[in-house]
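**Q** The following comprises the amino acid sequence and a computationally predicted model.
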Amino acid sequence: MKKISFLLVMCISLSLYAQKPPLKFGDVTTDELKMTIYPKDSSAEAVVLGDYGESKLEYNKSKESFQIVFERVRRVKILRKEGLDLANFNILLYRKNGDEEKVTGLKAVTYNLEGGKIIETKVKGESIIKEKYDEYHSFTKVTWPNVKVGSVIEITYRLTSDFVFNFQDWEFQSSIPTVWSEYRVYIPEYFSYEKYMQGYVPMQIAENSVGQGIITFNTSERTEGSITQTRFSQEKLEYVENRSRWAAKDVPAFKGEPFMTNSKDFLSKINFELSYTKFPNAGIKNYMGSWDDINKAYLESLGDVITGSNFLKKTTEEITAGKEAPEEKVASIFVYVRSNFLWDGTKRKYPGESLRKIFDDKKGSSAEINLLLASMLEKVDIKVSPVLVSTRDNGFVREATPVSSQFNYVVCAAQINDKIILLDATDKFLPIGVLPERCLNGNGFMVGEQGFRWVPLQPSTKARTNISVDLALLGDEGNLKGTLKIDRSGYHSVDARKSFVTKGKEEYLKDFVGSKTWELNKSEFSNEKDLQLPFKETHDVSVNEHATVAGAVYYISPFVMAKEESNPFKQEERKYPIDFGAPFDYVYFIKLTLPQGFVVEELPKSKVLALPGNAARYIFNVAQSGNSINITSNFSINKGVFSQDEYPNLREFYNQMVAKQAEQIVVKKQ
């Protein structure tokens, strides 16, 4: 007698909330179509009428594993023509090793009110396209037809994913206001996810509960002989299901404010990271691990990229010939890589090509160029380490959440005794030890054989601009003539030098004058190519727009440059941190010489402003000696990031500085 058996698996999740979903696809009302303005934000170009998402981990019987099933319904009202761009919608899909998340059940409809009737226009297949985004992601792109001011657009879809580590995050906030946003999740006890909320929108609902899920195994066993018989048996596996529900009501549109990093750091959102799995009769499988694990894994993934690549040794020895001090070797190698290799614009933390190919092609990603730099430094016995970074457009790093996907970039750290020099050779205009401004985002994760460490990414020296002006008042029309000298160092020199070198002197001077009615009689530049020195420029200038004549009285604005025309901080309250990137100084000095027969009627008063802890400082000093007036303006921001609590003081600091710089010198012709 022969036995044939097969297994049927059925998963029953007794996890539905008593509450009905807040949004049902297709239930668009006449009132929604008649809406012409959103009362809670009359300036809104559109409003999310409802956004409902639901994520479950369901057992897939054919694959004998759990998969994520995410379903969503989203409805948007278009109120102004500026909102028409919302008729384009992207669904981001993850892919790896030939497997990819899949979208099914996609329906999208445009609703319009015509003659008192609701007219539906469905999205057809040709309006749904798939497009590659990067190595690990693609987009399903949807474009609604017949969208105009007054339309309501709606979409629903189902996304299935075998990547259980890639649980769907949820944004409660977007660039337009939202009436209601709700997210529900159902997670079996076998999965542990770290959840963290970000943003400043309070939740209307935040609930957690447990329920029961059941996986039913139906077994059919058939025996063959003189009589064929089939026996059925059933086994049930019960598990605890963790349920969560979050909802936000009347969510304001996210509006960027001056001096912010990436907006995605501040949008109100719930994030998920898979920590570990623990199945029956199996051990714990860690996904999140620890920073030590990430350190070890990164070193293993690099292999001998840095310590190998021995073909670089000959070139490195030639570059450093005659150099004895480690600092000299670092400088020589850095300048060589910076000058001879072109960054292709891609941000990577792993090399995609061999260093041999990069060396031959003279072009590569950020990882390839900076790891090539590290390998060359290693060849002359400089201790080097990769430093993983999240660039400003990628969002800040949560050091409490050890997940390597937070990083998207790598730079090089050269260690000389107790000194660490951070190096990035992707920008041909950056001096040694200064990272691109895109990298100024908290701390970097320095990888090492003896363990990791966090290193600050801020430069050791401040960006600084020194402006010295020596002008004389001429004639009856209030013209000024004299010399203008500018010295820029640090980040302030980078943009100016880059503009000068790439555009040429003539175009640079056109941009420098801009809309001002200046006459440049002579201009000289120095240190155009020596990036370690300040970029300097000197101009013989005639200025006829900084003095107003009223009879015998002359009103002179002393700031021909470096003036804060207005306070960038307009709002009375600030929701988000203020991020200047890095500390900086602006020093402005003017000597104004009056002709014979002129006397001073009124001078601005000297003033000193300072924030607690000397976080920002402004010194305005005025002195008169004979027919010369000397004014010094020294503006310093002494730290990169200010908290929301510091905002009122910072805003008032700017108010007073702007007011002081607007004051005029009043002189009279006798």
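**A** Okay, I see it.

**Q** any idea where the helices of the stretch 501-650 of the chain begin and end?
**A** 505-513, 647-662 (DSSP state H, counting those that start in this stretch).

**Q** Which SSE is immediately downstream of the lengthiest strand in the chain?
**A** Using DSSP state E to define each element, the chain has its longest strand at strand 229-251. On the C-terminal side of strand 229-251, the nearest following helix or strand under DSSP states H and E is strand 269-278.

**Q** Output the contacting helices and strands for that following strand.
**A** On a contact count with 3 or more Cβ pairs under 8 Å, 6 or more residues apart in numbering; DSSP states H and E, strand 269-278 meets strand 170-171, strand 191-198, strand 284-286. In short, each C-beta sits where N, CA and C put it, glycine included.

**Q** and Ser13, what pLDDT?
**A** Ser13 carries a pLDDT score of 42 in this model.

**Q** Start the count at 22 instead of 1 going forward.
**A** Okay, using 22 as the starting number, the last item reads as Ser34.

**Q** Give me the neighbour count for the residue lying closest to Phe656 once chain neighbours are set aside.
**A** Nearest residue to Phe656 in three dimensions, chain neighbours excluded: Tyr607, at 4.5 Å (Cβ to Cβ, 6 or more residues apart in numbering). Using other Cβ atoms under 10 Å, Tyr607 has 20 other residues around it.

**Q** Test my guess that Tyr607 contacts Thr653.
**A** No: between Tyr607 and Thr653 there is no contact, the gap being 11.5 Å when judged by Cβ atoms under 8 Å.

**Q** Now the common contact residues for those two.
**A** Contact criterion Cβ atoms under 8 Å, 6 or more residues apart in numbering; residues shared by Tyr607 and Thr653: none found.

**Q** circling back to that earlier point, so what sits opposite the residue nearest to Phe656 in the bridge?
**A** Beta-bridge partners of Tyr607, counted by DSSP bridges, are Thr486, Phe656.

**Q** Now do the same contact list for it.
**A** 485-486, 488, 583, 654-657.

**Q** Now the residues you listed in TSV, please, with extra columns for neighbour count, pLDDT and distance to Phe287.
**A** Shown next, in TSV, are those (neighbours: other Cβ atoms under 10 Å; pLDDT from 0 to 100; distance: Cβ to Cβ, whole Å):
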residue	neighbour count	pLDDT	distance to Phe287
Arg485	19	96	30
Thr486	23	97	30
Ile488	19	98	35
Ala583	18	92	31
Ser654	23	98	33
Asn655	16	98	32
Phe656	22	98	27
Ser657	18	98	27
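
**Q** Nearest to Ala683 among those?
**A** Proximity to Ala683 was ranked across the contacts of Tyr607 by Cβ to Cβ; first place goes to Ser654, at 12.0 Å.

**Q** any idea what sits nearest that closest one, other than its immediate chain neighbours?
**A** Counting by Cβ to Cβ, 6+ apart, Tyr609 is the residue found nearest to Ser654 once chain neighbours are left out, at 4.2 Å.

**Q** ok, so what distance separates the one you found from Tyr639?
**A** Going from Tyr609 to Tyr639 by Cβ to Cβ, to the nearest Å gives 11 Å.

**Q** Residues in contact with both of these two, list them for me.
**A** Both Tyr609 and Tyr639 are contacted by 654-656, under the criterion Cβ under 8 Å, 6+ apart.

**Q** Pick the one among these closest to Glu152.
**A** The nearest member of the shared contacts of Tyr609 and Tyr639 to Glu152, counting by Cβ to Cβ, is Phe656 at 46.4 Å.

**Q** Since that was my last question, I'll sign off now.
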